[in-house]
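1. Here is my input; please provide its structure:
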Amino acid sequence: MTPAASRPIRGRPSGRRGPRRRVDLRAFPGFAPAAWVVLAFLYLPLVVVVVYSFNANRVATQWDGFSLEWYSRVFADADIRRATVNSLRVAAVATVVSVVLAAGAAVALQRLGRLGNRYALVIIGAPLVVPEIVLAVATLAMFVAVDVPLGLLTVTLAHIAFCVPFAFLPIRARLADMEQATFDAAADLGADEWRILRRVTVPLLLPGIVSGALLAFIISLDDFLISFFVAGPGATLLPVYIYGQIRNAITPAVNAVSTLLLLLTVVVLTAAFLVGRTRSRKVLP
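-> Below is the predicted model:
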């Protein structure tokens with residue numbers, strides 16, 4: 001072959017691509033001011049809620065000095081404690097069940113073909129794209145049609161259905177990063193399907209499972225719309241209780257409850273982010 005024949009034809013790709021140049025959005029005019037405006041719009045209301053939760057004045061919008069009185073009232077209020085316990089119970093059950101269903105679905109989808117996998121992903125992820133008000137109305141209509149009394153049971157079932165996609169995404173992402181050679185090696189060493197699942201799949205999926213569980217827990221704990229529609233008498237959850245209180249008047253007590261809920265949300269989401277970044281190195285002994 002002549003040297004000329006070995007050269008790539010001009011105008012055609014040579015099979016080797018250079019590094020893609022990343023677009024620096026900060027170089028665009030006005031990007032930085034627009035970003036600061038968006039961040040201020042998103043987070044300044046949260047800062048206001050946190051600051052005014054320490055207001056000594058009963059009127060939430062009039063600052064009258066620093067005080068922790070409203071936090072003590074929150075912890076002493078029986079209605080708030082009851083709503084918090086209901087929320088934690090529903091969130092705990094919804095988290096466990098949704099994680100089990102999500103993990104089973106993620107593992108099962110590995111066995112489906114490409115087309116079946118795509119349809120299954122659309123079905124599982126539907127609650128993420130369908131408007132929540134539609135889900136709430138549809139869920140309420142279903143419970144009424146089958147004559148199921150509204151209460152903690154209906155709220156828990158609705159939260160399980162809503163939380164499955166949020167638990168599924170981290171587990172699915174973790175499973176996609178796992179090498180098939182790991183499972184093939186376990187099978188070559190004589191491990192059966194159950195042993196591979198217990199000694200290889202579950203340990204390697206553990207970061208995704210924990211991350212999905214934390215996301216499902218906080219989604220269930222913070223949900224208002226579905227809880228408002230399907231909760232019956234005596235099944236008031238904390239977001240619904242907060243909504244009922246602000247319909248009367250916004251007091252520093254409401255700000256204190258919101259601040260505590262915000263703090264718990266930040267802690268759980270931070271833990272989910274940190275767990276999701278970990279990479280398990282455990283292999284079959």
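2. which residues of the stretch 1-150 of the chain fall in helices?
-> Counting by DSSP state H, counting those that start in this stretch, one finds helices in the stretch 1-150 of the chain at the ranges 3-6, 31-52, 69-76, 78-109, 114-124, 126-129, 132-145.
3. Show me which positions of the second one end up buried.
-> This means helix 31-52. For helix 31-52, burial by neighbour count (16 or more other Cβ atoms under 10 Å) applies to 49, 52. (Each C-beta comes from the backbone N, C-alpha and C, glycine too.)
4. Give me the angle between that helix and helix 69-76.
-> 70 degrees (axes from the mean of the first three to the mean of the last three Cα atoms, to 10 degrees).
5. on contacts alone, who are the packing partners of helix 31-52?
-> Applying 3 or more Cβ pairs under 8 Å, 6 or more residues apart in numbering; DSSP states H and E, one finds that helix 31-52 makes contact with helix 252-277.
6. can you give me the mean pLDDT across the helix it packs on?
-> Mean pLDDT, helix 252-277: 81.
7. Quickly find the element holding the residue nearest in space to the middle of the chain.
-> Centroid-nearest residue in the chain, with Cα atoms, centre = their mean: residue 215, separated by 3.3 Å. Assigned by DSSP states H and E, residue 215 belongs to helix 202-222.
8. Any buried residues in that helix, and which?
-> 204-222.
9. circling back: which ones are touching the residue nearest to the centre of the chain?
-> 166, 167, 169, 170, 269, 272 (Cβ atoms under 8 Å, 6 or more residues apart in numbering).
10. Go again with 10 Å.
-> Contact partners of residue 215, counting by Cβ atoms under 10 Å, 6 or more residues apart in numbering, are 95, 98-99, 163, 165-170, 268-269, 272-273, 276.
11. Buried among the residues you listed? Need that as a selection in PyMOL.
-> Typed into PyMOL, the line below selects the buried ones among the contacts of residue 215, using 16+ other Cβ under 10 Å:
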select buried, resi 95+98+99+163+165+166+167+168+169+170+268+272+276
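12. contacting residues around the residue lying closest to residue 132 once chain neighbours are set aside?
-> Counting by Cβ to Cβ, 6 or more residues apart in numbering, residue 132 lies nearest to residue 225, which is 4.9 Å off, once chain neighbours are set aside. Residue 225 makes contacts with 131, 132, 133, 135, 136, 137, 162, 239, 240, as judged by Cβ under 10 Å, 6+ apart.
13. any idea how far residue 268 is from residue 225?
-> Relative to residue 268, residue 225 is positioned 20 Å away (Cβ to Cβ, to the nearest Å).
14. now do residue 232
-> From residue 232 to residue 268 the distance is 27 Å (Cβ to Cβ).
15. repeat for residue 73
-> Residue 73 is 25 Å from residue 268, by Cβ to Cβ.
16. cool, residue 129 as well?
-> Note on residue 129: its distance to residue 268, by Cβ to Cβ, is 24 Å.
17. Quick check: which ranges of the stretch 1-150 of the chain have low pLDDT?
-> Applying pLDDT under 70 to the stretch 1-150 of the chain flags the ranges 1-23, 25, 60, 111-116.
18. ranking the helices of the stretch 1-150 of the chain by burial, who's on top?
-> helix 78-109 (a mean of 19; mean count of other Cβ atoms under 10 Å).
19. That one vs helix 114-124, what angle?
-> Going by the same axes, to 10 degrees, helix 78-109 makes 170 degrees with helix 114-124.
20. ok, residue 265 - contacts?
-> Applying Cβ under 10 Å, 6+ apart, the residues near residue 265 are 218, 219, 221, 222.
21. May I ask which two of those residues are separated the most?
-> Spatial extent of the contacts of residue 265 (Cβ to Cβ) is set by the pair 219 and 221 at 7.4 Å.
22. anything in contact with each of those two?
-> Joint contacts of residue 219 and residue 221 (Cβ under 10 Å, 6+ apart) are 91, 94, 95, 159, 265, 268.
23. Please tabulate the residues you listed in TSV, including the columns distance to residue 105.
-> As requested, these are exported to TSV (distance: Cβ to Cβ, whole Å):
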residue	distance to residue 105
91	20
94	16
95	16
159	17
265	26
268	23
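24. on that earlier part again, mind checking which of the helices of the stretch 1-150 of the chain is nearest residue 258?
-> Taking Cβ to Cβ, helix 31-52 is the member of these nearest to residue 258, at 5.3 Å.
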